[in-house]
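A.B. asks: can't give you the sequence, but here's the structure:
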């Protein structure tokens, strides 16, 4: 018969061993790419999508809601004990032990279900792109091309834009854009879709997020209360996360490649709209005069979309948003993205590498 002490020791040793094993494995991007990102993960991710994708609501959001309620109840109990002077050393020991054990298991599940993708070789390796520092001239070429794309798509995309208000159409069209892309490259094959509107969309406006991926349920969540012209890119970005592109710059690039493959002009416009934000902001840092000159080349209706987007987020400004951004930035840095929140902008390097290989016409 195993004693209580030995059982307690085993209950600690197993998760600690798994955490150490995961950490060591993550140090080898080649192994992560071969055995996890293109081996175990696609099977596990598809299983999650099959299990929960058919539900008309987000099981992941419900899970987050339950956790939030549990935390609130826990805080209420804690403060009740505090006011009643019932807090003892043994209570804090049990609380600390339970919290640490929970943190270990969350870390294990998170990494096994998706998080190890942060340590893979990634999309540049798969597409054989040479991503390296780029010149201002390279950046200018990208911005000029994107400006031209936006102007070309402006009028025709507005005809198809009203359809984006239908969530089923938005999500189905995003899946279709990946199907078209996968005809050219199988790494973008997306079976058993699971894309849903976030239950916390309005809250997301105050916290500053337009979408997120839930690694515990395999669901792509989209904030469907933001302006419709940015929703296609957001949806394609989150599907990119589902396919195992955990880093934000890689999910952005996957979203770009799929969105520009769409037969829907509103989708293409959305992709170039977001890409312009990233590329133009980088150009502004290097040469503000040139960035302003190129911005002025945008058609008035396109510039109005940027103004409308700014007004939308200004309306939802809250003191919580900067805190959430800093917290999320630290999360990104802890997961192999040293630039933090600026990692989103790094998609520009992928765009430059893409044009170097295929030419500006391919952008």
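C.D. replies: Everything's here; your move. What you see is a predicted model, and the numbers here were worked out from it, not measured in a lab. Residues are numbered from 1 along each chain as shown.
A.B. asks: wait, is residue 13 part of a helix?
C.D. replies: Yes: counting by DSSP: H, G, I helix; E, B strand; the rest coil, residue 13 is part of a helix.
A.B. asks: Distance of it relative to residue 20?
C.D. replies: The spacing between residue 13 and residue 20, counted by CB to CB, to the nearest Å, is 10 Å. For every residue, glycine as well, the C-beta is placed using N, CA and C.
A.B. asks: One more: residue 53?
C.D. replies: Distance from residue 53 to residue 20, by CB to CB: 33 Å.
A.B. asks: Looking at these two, which one has more neighbours?
C.D. replies: Comparing residue 53 with residue 20 by other CB atoms under 10 Å, the one with more neighbours is residue 53, at 18 against 10.
A.B. asks: how would you label residue 199: helix, strand or coil?
C.D. replies: Following three-state DSSP, we place residue 199 in the coil state.
A.B. asks: what about the strands in the stretch 201-350 of the chain?
C.D. replies: Taking DSSP state E, counting those that start in this stretch to define them, one finds strands in the stretch 201-350 of the chain at 211-214, 219-222.
A.B. asks: Can you tell me which of those strands is most buried?
C.D. replies: strand 219-222 (a mean of 28; mean count of other CB atoms under 10 Å).
A.B. asks: Adjacent strands (with direction) for that one?
C.D. replies: For strand 219-222, the pairing partners within the sheet under DSSP bridges are strand 195-197 (parallel), strand 211-214 (antiparallel).
A.B. asks: can you give me the mean pLDDT across the first one?
C.D. replies: Over the span of strand 195-197, the pLDDT mean works out to 97.
A.B. asks: if I look at residue 120, how far off is residue 248?
C.D. replies: With CB to CB as the criterion, residue 120 and residue 248 are 14 Å apart.
A.B. asks: Same question for residue 187.
C.D. replies: 18 Å.
A.B. asks: Which one of those two is surrounded by more residues?
C.D. replies: Neighbour tally, residue 187 and residue 248, criterion other CB under 10 Å: the higher count belongs to residue 248, 24 against 16.
A.B. asks: I'd guessed the more buried one sits against residue 337; true?
C.D. replies: Yes: with contact defined as CB atoms under 8 Å, residue 248 counts as touching residue 337 (6.8 Å).
A.B. asks: Quick one: list the elements packing against the lowest-mean-pLDDT helix or strand in the chain.
C.D. replies: Across the helices and strands of the chain, mean confidence by mean pLDDT, DSSP states H and E is lowest for helix 320-334: a mean of 78. If you count contacts as 3 or more CB pairs under 8 Å, 6 or more residues apart in numbering; DSSP states H and E, helix 320-334 packs onto helix 201-207.
A.B. asks: what pLDDT, on average, does the helix it packs on get?
C.D. replies: For helix 201-207, mean pLDDT is 90.
A.B. asks: Which positions within it qualify as buried?
C.D. replies: 201, 204-207 (16 or more other CB atoms under 10 Å).
A.B. asks: Ok, stretch 290-300 next?
C.D. replies: 290-291, 294-295, 298.
A.B. asks: which two from those residues end up farthest apart in space?
C.D. replies: 290 and 298 (14.1 Å; CB to CB).
A.B. asks: Give me the buried stretch members for stretch 58-73, please.
C.D. replies: Neighbour-count burial for stretch 58-73 flags 58-61, 64 (criterion: 16+ other CB under 10 Å).
A.B. asks: Outside of it itself, which residues are in contact with it?
C.D. replies: 52, 196-200, 214, 216-219, 221 (CB atoms under 8 Å, 6 or more residues apart in numbering).
A.B. asks: need the helices for the stretch 251-363 of the chain, in chain order.
C.D. replies: 265-286, 288-295, 300-315, 320-334, 347-358 (DSSP state H, counting those that start in this stretch).
A.B. asks: follow-up on the earlier one: okay, and which of the buried residues of stretch 58-73 map to helices?
C.D. replies: Among the buried residues of stretch 58-73, the ones falling in helices (DSSP state H) are 59-61, 64.
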